[in-house]
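Chemist: could you work out the structure for the sequence below:
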Amino acid sequence: MSVIGMIGAVLLGLVVGAISGVVGIGGGALLVPVLVYGYGMSQLRAQGTSLATLLLPIGIFACWSYWKAGEVDVRLAALICVGFALGGWFGGEWAQHLPQMVLRRGFAVVLVVIAWKMAFGR
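Modeler: Numbering: from 1, shown residues only. Next comes the predicted model:
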């Protein structure tokens, strides 16, 4: 990857990280479409790359400010982590056997449902 490409990747991470930190949305909702359409990745590769960015370095720094302000329920987060780890493993295995278009459309449906609930739900 060229230096320009590396700088672009860091800037992309900066923008997605800032938006994620402000609104609490998972970076994947923003990052996966950019990786698919901006970087020409397959849906599966974009999802895998997005998940790789969510490992420890992102979570620890994004969470720090909220924790300092007393806005993190550590016990609940730990319990969700257990389920998330198991669910992520099963989901990752399952995704390897699904067609790319099924993954892309499923991703789009999840985003639309979340957007609808956030905009018009209670």
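
Chemist: tell me the helices and strands packed up against the helix or strand that contains residue 16.
Modeler: Using DSSP states H and E, residue 16 falls within helix 3-23. With contacts taken as 3 or more C-beta pairs under 8 Å, 6 or more residues apart in numbering; DSSP states H and E, helix 3-23 sits against helix 27-33, helix 56-68. (Each C-beta comes from the backbone N, C-alpha and C, glycine too.)

Chemist: what about that helix, average pLDDT?
Modeler: Averaged across helix 3-23, the pLDDT comes to 82.

Chemist: now do the buried residues in that helix.
Modeler: Within helix 3-23, the residues scored as buried using 16 or more other C-beta atoms under 10 Å are 12, 16-17, 20-21.

Chemist: do you know how far the most centrally placed residue in the chain is from residue 120?
Modeler: Residue closest to the average C-alpha location in the chain (C-alpha atoms, centre = their mean): residue 28, at 2.4 Å. Residue 28 is 23 Å from residue 120, where distance means C-beta to C-beta, to the nearest Å.

Chemist: sorry, back to before: can you say which of the helices and strands packed on helix 3-23 is packed in most?
Modeler: Stretch with highest mean neighbour count among the helices and strands packed on helix 3-23: helix 27-33 (a mean of 20; mean count of other C-beta atoms under 10 Å).

Chemist: name the next helix or strand downstream of it, please.
Modeler: Once the chain leaves helix 27-33, the next helix or strand it forms, by DSSP H and E, is helix 43-53.

Chemist: separation between residue 82 and residue 75?
Modeler: 11 Å.

Chemist: pretty sure residue 103 contacts residue 96?
Modeler: No: at 10.1 Å, residue 103 does not count as touching residue 96 under the criterion of C-beta atoms under 8 Å.
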